[in-house]
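In: Below are the sequence and a predicted model for it; my questions follow.
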Number of protein chains: 4
Amino acid sequence: MKKRKICVVVLGRANYGRIKSVLQAIKEHPDTELQLVVGASALLERYGTVVDLIRQDGFEPNATVHMIIEGENPTTMAKSTGLGLLELPTIFMNLEPDVVSTIADRFETIATAIAATYMNIPLAHVQGGEITGSIDESVRHAVTKLAHIHFPATKLSGERIIKMGEDPRRVFVTGDPAMDIIANISLELEDDIFEKYGGVGPMLDLNEPYLLAVQHPVTTEYDDAFRQINETLMAIYELKLQTIWLWPNVDAGSDKVSKGIRVFREKYDPDFIHFFKNFSVEDYARVMHNSTCVVGNSSSAIREGSFLGVPAANIGTRQSGRERGKNVMDVDYDREEIKDAILRQIDNGKYERQYIYGDGKAGKRIADILAKCDLSIRKNLSF
Amino acid sequence: MKKRKICVVVLGRANYGRIKSVLQAIKEHPDTELQLVVGASALLERYGTVVDLIRQDGFEPNATVHMIIEGENPTTMAKSTGLGLLELPTIFMNLEPDVVSTIADRFETIATAIAATYMNIPLAHVQGGEITGSIDESVRHAVTKLAHIHFPATKLSGERIIKMGEDPRRVFVTGDPAMDIIANISLELEDDIFEKYGGVGPMLDLNEPYLLAVQHPVTTEYDDAFRQINETLMAIYELKLQTIWLWPNVDAGSDKVSKGIRVFREKYDPDFIHFFKNFSVEDYARVMHNSTCVVGNSSSAIREGSFLGVPAANIGTRQSGRERGKNVMDVDYDREEIKDAILRQIDNGKYERQYIYGDGKAGKRIADILAKCDLSIRKNLSF
Amino acid sequence: MKKRKICVVVLGRANYGRIKSVLQAIKEHPDTELQLVVGASALLERYGTVVDLIRQDGFEPNATVHMIIEGENPTTMAKSTGLGLLELPTIFMNLEPDVVSTIADRFETIATAIAATYMNIPLAHVQGGEITGSIDESVRHAVTKLAHIHFPATKLSGERIIKMGEDPRRVFVTGDPAMDIIANISLELEDDIFEKYGGVGPMLDLNEPYLLAVQHPVTTEYDDAFRQINETLMAIYELKLQTIWLWPNVDAGSDKVSKGIRVFREKYDPDFIHFFKNFSVEDYARVMHNSTCVVGNSSSAIREGSFLGVPAANIGTRQSGRERGKNVMDVDYDREEIKDAILRQIDNGKYERQYIYGDGKAGKRIADILAKCDLSIRKNLSF
Amino acid sequence: MKKRKICVVVLGRANYGRIKSVLQAIKEHPDTELQLVVGASALLERYGTVVDLIRQDGFEPNATVHMIIEGENPTTMAKSTGLGLLELPTIFMNLEPDVVSTIADRFETIATAIAATYMNIPLAHVQGGEITGSIDESVRHAVTKLAHIHFPATKLSGERIIKMGEDPRRVFVTGDPAMDIIANISLELEDDIFEKYGGVGPMLDLNEPYLLAVQHPVTTEYDDAFRQINETLMAIYELKLQTIWLWPNVDAGSDKVSKGIRVFREKYDPDFIHFFKNFSVEDYARVMHNSTCVVGNSSSAIREGSFLGVPAANIGTRQSGRERGKNVMDVDYDREEIKDAILRQIDNGKYERQYIYGDGKAGKRIADILAKCDLSIRKNLSF
């Protein structure tokens, strides 16, 4: 029997963390062949050249595609998606995949979804059906309506996908593949991450308590991005706590977030914050696991955070509506609220493990299903 | 008070027919200003240069955009959408609309929807929530998930949109604006359409019974397009009935449909079929009203057809699932079935008027709502 | 020693005829490996799907690229070039050629030239240095200024390239590879070209005298294209001579030429003109060789025509300035002048062979040079 | 008489300095109307948002166009040009200029040139005919071959343009418009540029001697960019001289230059170098005028430098071949050579003014010619 060609399109750092165990499982499965396309911010140095991490992990891209138009505003976000949609069809035409898989809800994701479905290639979607704020919300559900096969992370997400009219026989609750990685590695921070990843700012003593901060711009609150990041920076500055800060995604507003960070650094030059551009997926999990509190608006604080039981101070609207465990405390863009939440979370300490987002076996499940599921492109909706 | 700038993007012949009464109502409304963007096949001569009709109707485009990449296959369909998504943001950046409106479900429609929503411009969608076959299905529902304000044509469509999680307060069942035109004109065929629109083939006697044929390629059955059109051509050829044939949309497969027609004409040179590229919206309604049966797979046979009570032989899967009245008889891509249906429909004669798709007042309703509705870009989903 | 990878980009019918013997020679040369990219109108059915001919000739494209934006006006001509320039870099990045070769002067050619040179890939240019009218003129010389290695067809062209400042050591007068084909085949018209190539119009008796007509739009005289083609059509109509008519290139104005031909056919339905979309390079040479006169504005009448000694009536400005032999008579866009020239040329009969454009060994010469020449991307200009 | 619409396309910081006096002269001329298009790096914050300077100077862009695809490597440089060529035709179609003017030789420049000429709009080119190294060389001469009207800065450049076959009646030696600005302002450094432009690094005492450093990547030496910038940084570090450093253009290799600067700053944290992103054209002239030596590979050291008589240490190949005055000393990418040249130039002090690149009246001359010159798009070449 001919192996099914499964083409996975990875367009950013978070994408890769979410899909890595699936890539591995597809690569190892006897009935599937992995085709890997890497593009967008995953190719860019200022977002950590994720493609290098991917290669180090043993995955060689079949094609790479530059598609980010500079400007980092809502106009270029739309245009970059258009550029992706101009390029991906040529790539799919050459690779001739049996299925294309797209991940979650970043804005470029929809380019993959449209390219595949318009070309009559069945589309699998990992992590649909969730509820959050921001434009991600719209992207995620629009991709669901284009997709033929659904791999939601949670039971509730699966139910929402079905309510949206999708065929229940093609909705598979597999858990979030990001949990697979956490579940299968030692969570000790063994390497010297300062040497390994560079970054800027002072060395920290990671045997002592430290915070992990990750804050992305909210594209629908584009004009407020500079102020929003500043509140978080000032909260941490005033707390004077050791902090590992991870650079934001490329998004409308990310220049404002970056600028906020740069201005802050020039002005305060804090000797207790170190800024990194990126980590390997594994090291990110380790850094989170060993932190006393995750601060910001990354979904990882809610997803991986619930699995790891790491306390989180979740800021603003970006994750509103997302299913969450007990480890999350929500606050507004307000330095006093942020400070207060961090202190209370540190005081609380670790939470118990929760398996809302999966049990660590999603990757294998997804590969198994993709290897044998019906690949018809006819959608049978029911309401 | 400053007038709201409503930007409507028209990307094809059918688009224009569907939205014309809305354009008129926005133009006349004291609180709204019309911004019109015309692109894609609406600019192309081989699809009848619809932009000229638009200008003749008194609407001057604020911008035009060439975005169709030649090839008419699934790859170029995707790429053309990407090209539109590269161009439209620049246009929206310059026009700065308060709302963008997109229409129905043609493949390029999603470029409008993504450009607007990614740029934080509220998106209104006319004719969401319907069920049909083909890629249109996926496009339509994906646009619904991107849109902020919904103007479904039918009650049932509105219910589906709400089931998909959209906020009921932003779903307005207005009827299909295409009915507005039919409801407000004389349906007599007064002009000499042969002189007015040219086309190729013999003159017909439209005082005698005639068929109206419109058959588009089904993009998800791309490879079968040539055979499909041929069955219809042969059915009509064998019936030897006077026929007005309207050229198909630009879609993956339309070159095969066009080729099918050309090969047929070279081979049989029928003296009872006249081929047109396009009609004004009004004349199309008149041609349909006065025909004895509409043959093919155009949605107009079901929508306008139900309002006009014109018998229809609907072929294949393109309209499967669409709400329909008694005037529609479904058949397969099979010349015998097609012939049989046509003869039975002619025998039956006119049906009664049905108002499933509206009462002829949709345009004014839509303009009124757009003039005063909440334009927040935050989506509140509920399942 | 590693073989040099020579990437040739073919973007149209004429391109292919001009380069075919070079492709063959590169393929056969022990020190070179052929990489073939086919795009633009060479992929389109309405220009004869040249890519199929290419495959039949035993060349398998390494990549294909759709890049023609519909509209066939000056705006889309520029945009199509931009689209090509967006796509080709991705292709070159994947193929990693040692040299890229581009051909002559069609508008898309410059996309190849820019992509290669901006990516620091040495660029070879076949057929630079000639003088003609139209935008081709500007394209050709701009490509010369980008190119690193020059293969002009004639001695005079080579001298012009050097006068433009190019390094004489990198200018190689090889002759036009199109002559290679003519020089190496039987020029008998053996096959039944009506059966082989289809086309529209009556069968002709090619044992009797016939004309060959090829007329392209002149992009800088875009608005006049309809009238221009009409004069030629009417000249031939009034002469009532058997004619093989070859469809024009895709260019700004080609829709007007096509429309002129269609209108003419609908109106006069001449029983002595057959229209073809394309021929193989060899059959085109045979059709020309056996015709009594070539009519229109194709450069082939001047280039291949001089080699074959076929009389030619060259119309208008498109070839003005091009080096020519005795076989060419120049006329204006005027049916009387055209008729007169055709009759005088028929009366004259065949001319002697002239070797202005080469001796039939260009392909091998070019492959030999590409296999061993200096590939530095530093240009040493001298004036 | 209707005013001629002159559309000037400004795609970067240097572009703007080169053309500002022309913009002013077109704006003030009674027979011309200025249309201004601003795009590429001129819109980007990390290159100083030049569009804001343009607006402050009283020029409101008619259109802006984002066209830089992130990556800053040769592939994205080509693709960005393609993107510009996709966008500019739509802009020209809407603005309907009588002439388009493009400036000098940056890589995106050719997009303007192709868009205009393919659309049959006469193209004027400012600063053609010069000889330098790098890809700029090829771009500049290719644009000359596309252009219809030439405004070279020097007599020698004008002669080269004519040798390339251009019509002498359309070649106007006007001088470089950049000199106009220098010639007409006070050259005192009155403002506090640290307050006005921010930047990073320590405040300097500009009443004391200081160097001005500007070093761009050489696109044809892409791989060596990191080492090249490092030699210059180390030379200045070892000299311990006050230095104003201007950030490089966006080019293939500019990420490497930027990285080189960042790594250097993190490592040495020099307290005598201040880094700026951009200056107004006037302040740049003042900063140069008052510096003791200009270091790097900017053409401004040679052009403005000769007018101002400022000593310059010109590094590497980027300016090789460019006409220069006595103020320039050439050195290799070697810290010892660089140090030596700087010290010798400081020792020499100011040179005499030289008028090689113009007398300060170019802008007015260009506007006068554009107002009344022949705008035919037919090129009459002569060799």
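Out: Alright, I've got the coordinates. Numbering: from 1, shown residues only, chains lettered A, B, ... in the order given.

In: OK, contacts around residue A:22?
Out: Going by C-beta atoms under 8 Å, 6 or more residues apart in numbering or on different chains, residue A:22 touches A:8, A:101, A:126, A:177, A:362, A:363, A:366, A:367. Where C-beta positions appear, they are placed from N, C-alpha and C, glycine not excepted.

In: Sitting in strands, which of those do you find?
Out: Taking DSSP state E as the definition of strands, these contribute A:8, A:101, A:126.

In: which of those lies closest to chain D?
Out: residue A:8 (21.6 Å; C-beta to the nearest C-beta).

In: coming back round to it: I'd like the ones in strands among the contacts of residue A:22 as a markdown table, with pLDDT, neighbour count and distance to chain C appended.
Out: Below are those laid out as a markdown table (pLDDT from 0 to 100; neighbours: other C-beta atoms under 10 Å in any protein chain shown; distance: C-beta to the nearest C-beta, whole Å):
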| residue | pLDDT | neighbour count | distance to chain C |
| --- | --- | --- | --- |
| A:8 | 98 | 27 | 18 |
| A:101 | 98 | 27 | 21 |
| A:126 | 97 | 27 | 26 |
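
In: Residue A:33 and chain C: what is the separation?
Out: Separation of residue A:33 from chain C (C-beta to the nearest C-beta, to the nearest Å): 19 Å.

In: Counting neighbours, what do you get for that residue?
Out: Counted by other C-beta atoms under 10 Å in any protein chain shown, the residues lying close to residue A:33 total 15.

In: so what's the backbone phi/psi at it?
Out: Note on residue A:33: its backbone torsions stand at phi -120, psi 130 [degrees, to the nearest 10].

In: just the ones in strands among the contacts of residue A:22 now: which is nearest residue D:158?
Out: Proximity of the ones in strands among the contacts of residue A:22 to residue D:158 (C-beta to C-beta) peaks at residue A:8, which lies at 57.1 Å.

In: so who does that closest one touch?
Out: Residue A:8 makes contacts with A:19, A:22, A:23, A:26, A:34, A:35, A:36, A:37, A:100, A:101, A:103, as judged by C-beta under 8 Å, 6+ apart.

In: do the same with residue A:68
Out: Contacts here follow C-beta under 8 Å, 6+ apart; on that basis residue A:68 touches A:40, A:41, A:44, A:76, A:80, A:250, D:69, D:70, D:71.

In: Identify the residue nearest it in space, chain neighbours excluded?
Out: Nearest non-adjacent residue to residue A:68, counting by C-beta to C-beta, 6 or more residues apart in numbering or on different chains: residue D:70, 4.3 Å away.

In: the bottom helix or strand of chain A by mean pLDDT?
Out: helix A:254-268 (a mean of 86; mean pLDDT, DSSP states H and E).

In: how about the residues of the stretch 151-300 of chain A near chain B?
Out: A:159, A:160, A:163, A:164, A:165, A:219, A:220, A:222, A:252 (C-beta under 8 Å from any C-beta of the partner chain).

In: Rank those by pLDDT and give me only the lowest.
Out: Lowest-confidence member of those: residue A:252, scoring 70 (pLDDT).

In: one step back: next helix or strand past the least confident helix or strand of chain A?
Out: Tracing the chain past helix A:254-268, the next element assigned as helix or strand by DSSP states H and E is strand A:273-276.

In: From the chain's centroid, how far away is that next one?
Out: 20 Å (C-alpha atoms, centre = their mean, to the nearest Å).

In: what about dumping the CA coordinates of that strand to CSV?
Out: Below are the C-alpha coordinates for strand A:273-276, written out as CSV (Å, rounded to 0.1, in the frame of the first residue of the first chain):
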residue,chain,number,x,y,z
ILE,A,273,15.2,40.4,33.8
HIS,A,274,16.7,38.4,31.0
PHE,A,275,15.1,38.5,27.5
PHE,A,276,15.1,35.5,25.2
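
In: Need the contact partners of that strand.
Out: By C-beta under 8 Å, 6+ apart, strand A:273-276 touches A:193-194, A:197-204, A:236, A:242-247, A:261, A:265.

In: Check the residues you listed one by one and keep those near chain D.
Out: By C-beta under 8 Å from any C-beta, the members of those lying near chain D are residue A:200.

In: Any of the contacts of strand A:273-276 buried? List them.
Out: Neighbour counting over the contacts of strand A:273-276 (16 or more other C-beta atoms under 10 Å in any protein chain shown) leaves A:193-194, A:197, A:199-201, A:204, A:236, A:242-247, A:261, A:265 as the buried ones.

In: rewinding a little: and the gap between the residue nearest to residue A:68 and residue D:254?
Out: Between residue D:70 and residue D:254 the distance, using C-beta to C-beta, to the nearest Å, works out to 11 Å.

In: cool, residue A:198 as well?
Out: According to C-beta to C-beta, residue A:198 and residue D:254 sit 20 Å apart.

In: how about the helices in chain A?
Out: In chain A, helices defined by DSSP state H lie at A:13-28, A:50-56, A:74-95, A:109-118, A:134-146, A:155-163, A:177-183, A:193-197, A:225-239, A:254-268, A:281-289, A:303-308, A:335-348, A:362-372, listed in chain order.

In: So which bits of stretch A:237-256 are buried?
Out: Within stretch A:237-256, the residues that count as buried by 16+ other C-beta under 10 Å are A:237, A:239, A:241-256.

In: Then stretch A:37-50?
Out: Result for stretch A:37-50 [16+ other C-beta under 10 Å]: buried residues A:37-50.

In: that older thread, what would the residues of the stretch 151-300 of chain A next to chain B look like in a markdown table with distance to residue B:274?
Out: Supplementary listing: these in a markdown table, determined by distance: C-beta to C-beta, whole Å:
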| residue | distance to residue B:274 |
| --- | --- |
| A:159 | 54 |
| A:160 | 51 |
| A:163 | 49 |
| A:164 | 45 |
| A:165 | 41 |
| A:219 | 52 |
| A:220 | 52 |
| A:222 | 54 |
| A:252 | 52 |
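
In: Please report which of these has the highest neighbour count.
Out: residue A:252 (27 neighbours).

In: do you know how far that residue is from residue B:326?
Out: Distance, residue A:252 to residue B:326, by C-beta to C-beta: 50 Å.

In: Over to residue A:256?
Out: Distance, residue A:256 to residue B:326, by C-beta to C-beta: 59 Å.

In: and if you look at residue A:193?
Out: From residue A:193 over to residue B:326 the distance is 71 Å, taken as C-beta to C-beta.

In: what's the answer for residue A:225, then?
Out: 56 Å.

In: between these two, who's got more neighbours?
Out: The neighbour comparison of residue A:225 against residue B:326 (other C-beta under 10 Å) goes to residue A:225, with 26 against 12.

In: got any ranges where chain A has weak pLDDT?
Out: For chain A, the stretches with pLDDT under 70 are A:1, A:250-251.

In: what residues go with each domain of it?
Out: A:4-184+A:360-372, A:193-348 (automatic domain parsing).

In: Adding distance to residue C:154, write those domains out as a markdown table.
Out: A markdown table is the format used below for the domains of chain A (distance: least, C-beta to C-beta, whole Å):
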| stretch | distance to residue C:154 |
| --- | --- |
| domain A:4-184+A:360-372 | 37 |
| domain A:193-348 | 52 |
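
In: and the ones you listed, which is most packed in?
Out: domain A:4-184+A:360-372 (a mean of 23; mean count of other C-beta atoms under 10 Å in any protein chain shown).

In: Between its first and last residues, how far does that domain reach?
Out: This stretch, domain A:4-184+A:360-372, spans 9 Å end to end (C-alpha to C-alpha, to the nearest Å).

In: gap between it and the chain center?
Out: That offset, for domain A:4-184+A:360-372, works out to 11 Å (C-alpha atoms, centre = their mean).

In: picking that back up, and the residue nearest to residue A:68, what does it touch?
Out: A:44, A:66, A:68, A:69, A:70, A:250, D:76.
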